[in-house]
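Participant: One predicted model, sequence on top.
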Amino acid sequence: MRSPNSAIRRQSGFTLIELTVVVMVMGVLLAYAAPLFQKAFEQSRVDLAAANLESVWTAERLYWAQNRTFATSVGDLESSGLLDPSFLNSMSSPSAAFSYAIGAADATTFSAAATRVNSGHWSGQLSITEQGTLSGQIDGTPSEVIIPSRT
C-alpha cells in the first residue's frame, strides 16, 4: 500500500513516436508546398521579365520618334538615356534570371526577347514586337508552363 505522499511522478515531454509523427507530417507538408513556392517565384520572375520587355518597347518607340528607326541593341537605348542604367546592370549580374536582346530592328519593325538563363529547371523565351504584342512562355520540368500574367 502506498502512502498519500508518494504520488507517482509522470515526466512531461514527447515520446519518440510522437516526435516521429510530427516530423513525418511536416515532411509531407513541405514536399507538397515546395513546388508551389518554386512556381510562384518563377511566375514573379516571368512577370518582371514581361515588364522589362514593355520598358524596352516604350524605349524603342521613343528612340524611333527621335531617329526614325528602331535601336538595334539594348545598349543603344541605355546610352540614349531611354533605359535606366540599372536595367543593364541587372542583366549582367551572374544571378540574372533573364537575358535581354533586340533580335531584329530597322526603320519599321523590331523584336526584343527575354531568354531564361541560369536555371536547370526553367527554360524558354518571351518576346515583344513593335506593336507591343507580348508572347512566349517559360517551361519547367516536368510539364510546367508559365506565361506572363499580362499578355
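Facilitator: Everything's here; your move.
Participant: helix or strand for the residue nearest to residue 146 when sequence neighbours are not counted, which one?
Facilitator: Excluding the flanking residues, the one nearest residue 146 by C-beta to C-beta, 6 or more residues apart in numbering is residue 138, at 4.6 Å. C-betas here are computed from N, CA, C, even on glycine. Using DSSP states H and E, residue 138 sits in strand 134-140.
Participant: Residues contacting stretch 143-151, please?
Facilitator: 39, 42-43, 46-47, 49-50, 122, 126, 134-140 (C-beta atoms under 8 Å, 6 or more residues apart in numbering).
Participant: Show the buried residues in the residues you listed.
Facilitator: Among the contacts of stretch 143-151, those classed as buried by 16 or more other C-beta atoms under 10 Å are 42, 46, 49, 50, 122, 126, 134, 136, 138, 140.
Participant: export the residues you listed to CSV and tack on pLDDT and distance to residue 59?
Facilitator: Converted to CSV, the buried ones among the contacts of stretch 143-151 look like this (pLDDT from 0 to 100; distance: C-beta to C-beta, whole Å):
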residue, pLDDT, distance to residue 59
42, 93, 26
46, 96, 20
49, 94, 15
50, 95, 15
122, 94, 26
126, 97, 16
134, 96, 15
136, 96, 19
138, 96, 23
140, 91, 30
